[in-house]
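Colleague: Build me a model from this:
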Amino acid sequence: MSGDQTRFGFDDGAAYERMMGTWSRLAGESFLNWLAPPAGLRWIDVGSGAFTQLIVEQWAPAEVQGIDPSEGQLMFARTRPAARVASFMQGDALALPFPDRRFDTAVMALVIFFIPDPVKGVTEMVRVVRQGGTVATYAWDVLGGGVPLEPIQAEMRTMGVTPVLPPNSDVSRMQSLWELWSRAGLDAIETREISVQRTFADFEDFWETSLLSSVGPTVAAMPTRDAELLKSRVKARVVANAAGHITCAALANAIRGCVPK
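Modeller: Numbering: from 1, shown residues only. This next block holds a predicted model:
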């Protein structure tokens, strides 16, 4: 990735794992099952973390290179079991530190809307993938209400508070992804919606976990009375079941294409 990810707390790998890592794995499993890659591929994962772990655990890669601008994220990634197979490097999605045609598959998991120049980011993925290889991504449908934080963000908007969104939220729309992949000259383009659900022990678990994300600083900056009102409104919105569990849904848009031969 490149750009202002610090606004979203992504320098703290452990906090990211608790908040977004679980969501990433849920969507990532569906995404990888859709790609259905053969074993033995050489992968580049632009944005290291939970998704890299899935590749290593389930798809027997020959190689995985994880790229991320955040040293905090990379340090956390290197403590995970995937580090036995994967390598992690600090780098920029707009200037991948690899030669042309180096990999079989390039992926971005929940990253593309953070890149300041998505067109160049996709172009770089295409550059480092061999002819016939796959370039793919998935991203929360930010503008369509698909982000895991939507219950909180919706109530923020109702209260006149503007949630912090990724800098290029528009690129998360399916049509925008299609245009990016087409512009990059990729063949056999396919898209898919990925819907996932996550269950929290209770409302406090949901609330405290969510505050580890981009909504945390916003809530912390609100007057105490407003923050308490927001919390009560969100609690009314996400109804618990008989056991007190809270189940939330999220929706991602996914796309893949092949580098022309």
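
Colleague: can you pull out the strands in the protein?
Modeller: Under the criterion DSSP state E, the chain contains strands at 42-46, 63-68, 86-90, 103-109, 129-140, 187-200, 246-258.

Colleague: Give the residue spans of this protein that score low on pLDDT.
Modeller: 1-18, 48-49, 70-83 (pLDDT under 70).

Colleague: Now for the residue lying closest to Gly40 once chain neighbours are set aside: which residues touch it?
Modeller: In this structure, Gly40 finds its nearest non-sequential neighbour in Ala62, 4.8 Å apart by CB to CB, 6 or more residues apart in numbering. Bear in mind the C-beta positions are built from the backbone N, C-alpha and C, glycine included. Ala62 sits next to Gly40, Leu41, Arg42 when contact means CB atoms under 8 Å, 6 or more residues apart in numbering.

Colleague: Could I get the contacting residues of the second one?
Modeller: Residues counted as contacts of Leu41 (CB under 8 Å, 6+ apart) are Trp59, Pro61, Ala62, Phe103, Asp104, Thr105.

Colleague: State the pair within these that is farthest apart.
Modeller: Trp59 and Phe103 (13.8 Å; CB to CB).

Colleague: neighbour-wise, which of these two wins?
Modeller: Remark: of Trp59 and Phe103, Phe103 carries more neighbours, 23 against 18, as counted by other CB atoms under 10 Å.

Colleague: what's the distance between that one and Val259?
Modeller: 10 Å (CB to CB, to the nearest Å).

Colleague: Please identify every residue contacting each of the two.
Modeller: With CB under 8 Å, 6+ apart as the test, Phe103 and Val259 both reach Val129, Arg130, Gly133.

Colleague: Please work out how many residues are found near the closest residue to the second one other than its chain neighbours.
Modeller: So the one you mean is Arg130. Nearest residue to Arg130, sequence neighbours excluded (CB to CB, 6+ apart): Arg101, at 4.5 Å. Arg101 sits with 13 neighbouring residues when counted by other CB under 10 Å.

Colleague: Repeat that for the one 5 residues further on.
Modeller: Counted by other CB under 10 Å, the residues lying close to Ala106 total 28.
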